[in-house]
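Q: fold the following.
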Amino acid sequence: MKKLLYQLDTDLLPSVFDNVVAHDGGADQVIPYAGITPDNVGPLVEGAIFTRAPRDKKNTAIFVGGSDLVAGESLLAAIQNKFFGKFRVSLMLDSNGANTTAAACVAWLTQGRSVVGKQAIVLGGTGPVGQRVAVMLGRAGAEVTVTGRQLERTRQVCAQLNQRFGLTVAALAAPDLESRGQSIQGKEIVVSTGASGVTMLEETQWAQATGLELIADANASPPVGIGGIDRADRATLRHGVLCFGPLGFGALKLALHRECIGRLFDSNDLVLDAEAIFERARTLLAASL
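A: Numbers count the residues shown, from 1 in each chain. Below you'll find the predicted structure:
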């Protein structure tokens, strides 16, 4: 019996990246659907849960993707609301790659070290990846600040994170290089999750920062988000700071994404959300070292 993965995307065009990784992760066939919302997902879920015998339902799974993390979370909840009894299939949420990217990054940052009480800042953190990094660092015990270009928007994002996850993430406006350089002073952990094409920090800004221990850049497209960091850096010591580039932890991100896809077909009741994916990232990383 073939392993079928239904790729339900909230965007108008399904992600090619997610489709390729799903095949590489072990799905025999990946069926993409675009423009999926809580209002129109019902018939698709019913088709997935009613067609195979209980012992065979593990061979059907659903992947929720798209560029909008909030929309993805709403879609995941709507899908779960359609399940009952044994009529369910395994699910994975990774809108915009936020869960797997953030999980890989934070797994490396926390590997072999505690971040409890550490002062952390997520630059350009109002997007999907930044929000997930902030939550994962916060749950690991760090004191987290998120920056954005607009203070009101950043405050709204942080308020939502704090309400949903019981955190105390702080908001800070840092729309330019100078303000971002000032924002990292006194911080021990810096993660840049800004938009592609934007230099979030220059090398001189973080190289001279007092107390900085860990720095990571999630931008894989040129130019680099943080000057002086190589894309392949993986706990590379530069200016006395451990540096992580997007390709450095990107290998774990891809391995994690593929591994999670494969696990969807182990049973018909697995839910791989941000928390579950982060735990898998830590396990995979520890096993690889």
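Q: burial of the closest residue to residue 24 other than its chain neighbours, as a residue count?
A: Nearest residue to residue 24 in three dimensions, chain neighbours excluded: residue 258, at 5.4 Å (C-beta to C-beta, 6 or more residues apart in numbering). C-betas here are computed from N, CA, C, even on glycine. For residue 258, the neighbour count with other C-beta atoms under 10 Å is 17.
Q: surely residue 258 meets residue 20?
A: No. Counting by C-beta atoms under 8 Å, residue 258 sits too far from residue 20 to count as a contact (10.1 Å).
Q: does residue 220 really touch residue 246, like I thought?
A: Yes. Counting by C-beta under 8 Å, residue 220 does reach residue 246; the two are 3.9 Å apart.
Q: same drill for those two, tell me which one is more crowded.
A: residue 246 (24 against 15).
Q: Provide a list of residues in contact with the more buried one.
A: Shown in contact with residue 246 (C-beta atoms under 8 Å, 6 or more residues apart in numbering): 217-220, 231.
Q: in strands only, show me the residues you listed.
A: Residues of those located in strands (DSSP state E): residue 217.
Q: intersection of neighbour lists for residue 220 and residue 246?
A: residue 231.
Q: which ones are touching the residue nearest to residue 202 when sequence neighbours are not counted?
A: Distances taken as C-beta to C-beta, 6+ apart place residue 227 nearest to residue 202, at 4.5 Å, with adjacent residues excluded. Counting by C-beta under 8 Å, 6+ apart, residue 227 makes contact with 199, 201-204.
Q: sec struct for the residue nearest to residue 168 when sequence neighbours are not counted, please.
A: In this structure, residue 168 finds its nearest non-sequential neighbour in residue 162, 6.1 Å apart by C-beta to C-beta, 6+ apart. Classification of residue 162 using DSSP: H, G, I helix; E, B strand; the rest coil returns helix.
Q: so what pLDDT did residue 162 get?
A: Per-residue pLDDT puts residue 162 at 96.
Q: likewise residue 220?
A: The model's pLDDT for residue 220 equals 85.
Q: distance check, the residue lying closest to residue 272 once chain neighbours are set aside against residue 232.
A: Distance criterion C-beta to C-beta, 6+ apart; nearest residue to residue 272, sequence neighbours excluded, is residue 92 at 4.1 Å. Using C-beta to C-beta, to the nearest Å, we find residue 92 at a distance of 28 Å from residue 232.
Q: those two: which is more packed in?
A: residue 92 (28 against 13).
Q: that one falls within a helix, correct?
A: No. Using three-state DSSP, the secondary structure at residue 92 is strand, not a helix.
Q: hang on, isn't residue 198 packed against residue 124?
A: Yes. Residue 198 lies in contact with residue 124 (C-beta under 8 Å); the separation is 7.3 Å.
Q: who has more neighbours, the two?
A: Counted by other C-beta under 10 Å, residue 198 and residue 124 do not tie: residue 124 has more neighbours, with 24 against 14.
Q: need phi/psi at that one.
A: phi 60, psi 40 (degrees, to the nearest 10).
Q: distance check, the closest residue to it other than its chain neighbours against residue 218.
A: Excluding its sequence neighbours, the residue lying closest to residue 124 (C-beta to C-beta, 6+ apart) is residue 194, at 2.9 Å. Separation of residue 194 from residue 218 (C-beta to C-beta) stands at 8 Å.
Q: list residues touching both of those two?
A: residue 225.
Q: which of those two has more neighbours?
A: When residue 194 and residue 218 are compared on other C-beta under 10 Å, the one with more neighbours turns out to be residue 218, at 30 against 27.
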